[in-house]
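Engineer: Sequence plus the predicted model coming up.
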Amino acid sequence: MSHEPFPLDPEQQAARSWFEQLRDRICAAFEGVEREAGSDAAFVYTPWDRTDPDGSPGGGGVRGVMKGRVFEKVGVNVSTVGGHLEGEFGKTIHGAGEDPRFFATGISLVAHMANPHVPAVHMNTRFLVTTKRWFGGGADLNPPLPRDEDTADFHGSMRAACEAHPGPGDYPRYRTWADDYFWIPHRNVHRGAGGIFFDHLEGGFDTNFAFVRAVGEAFLDIFPAIVRRRMGEPASDADRAALLAYRGRYAEFNLVYDRGTLFGLKTGGNIDAILMSLPPVATWE
């Protein structure tokens, strides 16, 4: 499922290859959960391309979406893009103030679940190159009906990934960063139960890349386990109503505050892939 963009240097190729491999493993794990639930749902993959503002090839990606019995809607996207950042927006990107050229490769995942007792989840890790080179990303749990056990296990997994890589991994800082970032000011609430968030992780590519891989592995280990724990629990009409109302809050954050959404729109990304994070159904009452 490789999607060829333009010539990559060894670090860019290594990051891109990892994100694609992680995508394949996550999608296989999620399809496995669907099989356990008696569903034959599978991911549908759609490749896309972009053109840089100067008319040259700008890379692209593959959007994967599955709608099943357990995963009401889950999207797993991998993109590898590059070219030139335009105007004032370019000046806001780390290291791009004087040189508008950029490269970005990453994986972005959002899962909206059918059972209100199964938390939604977001995970994203990425590698960017401007005049600087850095990793960013994180993972956060978004339960409509929070359960202490799930929250503790998710945070424990992220903490272990950080503690195994004490150079770049700083769990207390990244947990606070996630709490601050995933905050909905106009609602005065957090978007979910938190997780970790980090950005502008520069220097020592091999060390930082190892940490980013550990975050991906931790996610792949813990989230399917939480899904299996909750997917068979009975849900009432009130539980479903809580799910739909919570999804409204999720959509508000992603459309108003999320920097990844803005980056994708401003760099000519695929609209369907960018807005894949929105839930299939939500309510505002």
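Structural biologist: Noted; the coordinates are in hand.

Engineer: And for residue 92, the neighbour number?
Structural biologist: Counted with other Cβ atoms under 10 Å, the neighbours of residue 92 add up to 14. Every residue, glycine included, has its C-beta placed from N, CA and C.

Engineer: I misspoke; the intended subject was residue 260.
Structural biologist: Neighbour number of residue 260 under other Cβ under 10 Å is 18.

Engineer: I'd like to know how far it sits from residue 122.
Structural biologist: 9 Å (Cβ to Cβ, to the nearest Å).

Engineer: same check, this time on residue 215
Structural biologist: Taken as Cβ to Cβ, the span from residue 215 to residue 122 is 13 Å.

Engineer: again, but for residue 157
Structural biologist: Computed as Cβ to Cβ, the residue 157 to residue 122 distance reads 15 Å.

Engineer: got the buried residues for the lowest-mean-pLDDT helix or strand in the chain?
Structural biologist: Lowest mean confidence among the helices and strands of the chain (mean pLDDT, DSSP states H and E): helix 87-91, at a mean of 76. Buried residues in helix 87-91, counted by 16 or more other Cβ atoms under 10 Å: residue 90.

Engineer: Please could you give me each C-alpha atom of it, formatted as PDB?
Structural biologist: In PDB, the C-alpha atoms belonging to helix 87-91 read as follows (Å, rounded to 0.1, in the frame of the first residue of the first chain):
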ATOM      1  CA  GLY A  87       1.800  33.300   3.300                       C
ATOM      2  CA  GLU A  88       1.300  34.100   7.000                       C
ATOM      3  CA  PHE A  89       0.400  30.500   7.900                       C
ATOM      4  CA  GLY A  90       3.900  29.400   6.900                       C
ATOM      5  CA  LYS A  91       5.400  31.700   9.400                       C
END
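
Engineer: Tell me the helix or strand right after that helix.
Structural biologist: Scanning forward in sequence from helix 87-91 by DSSP states H and E, the next helix or strand is strand 101-113.

Engineer: For that following strand, name the packing helices and strands.
Structural biologist: helix 10-36, strand 71-84, strand 120-129, helix 205-230 (3 or more Cβ pairs under 8 Å, 6 or more residues apart in numbering; DSSP states H and E).

Engineer: TSV please, covering the ones you listed and showing mean pLDDT.
Structural biologist: TSV is the format used below for the helices and strands packed on strand 101-113 (pLDDT from 0 to 100):
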stretch	mean pLDDT
helix 10-36	98
strand 71-84	95
strand 120-129	97
helix 205-230	98
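
Engineer: Which among the ones you listed is found nearest to residue 136?
Structural biologist: Closest to residue 136 of the helices and strands packed on strand 101-113, according to Cβ to Cβ: strand 120-129, at 5.4 Å.

Engineer: The closest one: partners in the sheet, and parallel or antiparallel?
Structural biologist: When sheet partners are counted by DSSP bridges, strand 120-129 sits next to strand 101-113 (antiparallel), strand 133-142 (antiparallel).

Engineer: Would you mind giving those strands as a markdown table with distance to residue 80, mean pLDDT and mean neighbour count added?
Structural biologist: Output for the strands paired with strand 120-129, formatted as a markdown table (distance: least, Cβ to Cβ, whole Å; pLDDT from 0 to 100; neighbours: other Cβ atoms under 10 Å):
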| stretch | distance to residue 80 | mean pLDDT | mean neighbour count |
| --- | --- | --- | --- |
| strand 101-113 | 4 | 96 | 23 |
| strand 133-142 | 15 | 98 | 23 |
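
Engineer: could you dump the ones you listed to TSV with distance to residue 148?
Structural biologist: Compiled in TSV, these are given as follows (distance: least, Cβ to Cβ, whole Å):
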stretch	distance to residue 148
strand 101-113	18
strand 133-142	12
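
Engineer: Quick check: which of those strands is nearest to residue 69?
Structural biologist: When the strands paired with strand 120-129 are compared for distance to residue 69 using Cβ to Cβ, the nearest one is strand 101-113, at 10.3 Å.

Engineer: Quick one: work out the angle between the closest one and helix 10-36.
Structural biologist: Strand 101-113 runs at 10 degrees relative to helix 10-36, counting by axes from the mean of the first three to the mean of the last three Cα atoms, to 10 degrees.

Engineer: No further questions, thank you.
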